[in-house]
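1. sequence unknown, structure follows:
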Ligand SMILES: [Zn+2]
């Protein structure tokens, strides 16, 4: 089992006692596609997966989900979260065993899901659909100081339901002068650069476990593409994700790192439970 950089009390201590500099923001990798964003004391979670629900569900089947990295924190310890986003309905991106405890300890939690998934997501959580906030691609919502815009994701097609809504999304989150893009699960689709180029992205969080030479798993960017997309979008820093959670669906960062170096793209490979901190702001699109 891969050890977390920080976990439990030590992680909470880092989150709560990070040096207070109101011009910077902080981002912790919680494993898989899960990240905690902190800006001026407010917290947003992207795609948290903080249980063993998939390992348990697939135990004794022919597709065991063997966990590779230890869990960094129990969800009920995160009682200071304002917003959670879910990019799509797969359990490592929408996990009732993570979300129910989060809802229980955060009374005003805004839980943002693709509108296409809102009814089914509510049923899985056993809450009324009105408890969830649905967004479709092209829509946005402001919660506290965060402006959250939904963009399409192609996992691995740009699916739309009968009403034309996207069940797979990414989110662009703006606060202060900063912009963060969490892509969800996506491949590189036509029009992606034009669409995302409208924002000046300081931090992009992109999967690297997708198809590539000799890779079995499809549906996501792989290392070279993630590096290239970040470079094409002119993002400040790119953080890779979606690896080292399950043995059957992982990747190494080797190609990603090599390509970032080659393209002169700033990147940061975190360990689970590790923090990335922005440069000082305010800047516009100039995060390190
Ligand atoms: Zn995924």
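-> Right, received. Where do you want to start? Since this is a predicted model, take the numbers as computed values, not measurements. Numbers count the residues shown, from 1 in each chain.

2. who are the neighbours in contact with residue 29?
-> Going by CB atoms under 8 Å, 6 or more residues apart in numbering, residue 29 touches 35, 239, 241, 270, 271, 272, 273, 274, 276. Every residue, glycine included, has its C-beta placed from N, CA and C.

3. of these, closest to residue 104?
-> Closest approach between the contacts of residue 29 and residue 104, by CB to CB: residue 35, at 21.4 Å.

4. ok, how many other residues are close to the closest one?
-> Residue 35 sits with 24 neighbouring residues when counted by other CB atoms under 10 Å.

5. How about it, nearest residue that isn't a chain neighbour?
-> Spatial nearest neighbour of residue 35, excluding adjacent residues (CB to CB, 6 or more residues apart in numbering): residue 46 at 4.6 Å.

6. separation between that neighbour and residue 86?
-> Residue 46 sits 9 Å away from residue 86, going by CB to CB, to the nearest Å.

7. what does residue 36 give?
-> 14 Å.

8. can you check residue 5 too?
-> Counting by CB to CB, the separation of residue 5 from residue 86 is 25 Å.

9. do residue 264 as well
-> From residue 264 to residue 86 the distance is 34 Å (CB to CB).

10. Flag the helix or strand of this protein with the lowest per-element mean pLDDT.
-> Using mean pLDDT, DSSP states H and E, the weakest-scoring helix or strand in the chain turns out to be helix 53-57, at a mean of 91.

11. List of residues touching that one?
-> By CB under 8 Å, 6+ apart, the surrounding residues in contact with helix 53-57 are 64, 65, 66, 67, 91, 92, 95, 96, 97, 98, 246.

12. average model confidence for stretch 201-209?
-> Confidence over stretch 201-209 (mean pLDDT, whole number) is 97.

13. is it true that residue 98 touches residue 51?
-> Yes - between residue 98 and residue 51 there is a contact at 5.2 Å, judged by CB atoms under 8 Å.

14. which residues are in contact with both of those two?
-> Shared contacts of residue 98 and residue 51 (CB under 8 Å, 6+ apart): residue 75.

15. Between these two, which has more neighbouring residues?
-> Neighbours were counted for residue 98 and for residue 51 using other CB under 10 Å; residue 98 has more, 26 against 20.

16. where's that one relative to residue 211, distance?
-> Going from residue 98 to residue 211 by CB to CB gives 27 Å.

17. what do you get for residue 270?
-> 23 Å.

18. More neighbours: the two, which one.
-> Neighbour tally, residue 270 and residue 211, criterion other CB under 10 Å: the higher count belongs to residue 270, 19 against 16.

19. Test my guess that that one contacts residue 237.
-> No - with contact defined as CB under 8 Å, residue 270 does not count as touching residue 237 (11.0 Å).

20. Please identify every residue contacting each of those two.
-> Joint contacts of residue 270 and residue 237 (CB under 8 Å, 6+ apart) are residue 276.

21. Could you list the low-confidence segments of this structure?
-> 213-218, 281-288 (pLDDT under 70).

22. now the helices: where do they sit in it?
-> 8-16, 53-57, 96-105, 118-125, 192-196, 223-233, 254-263 (DSSP state H).
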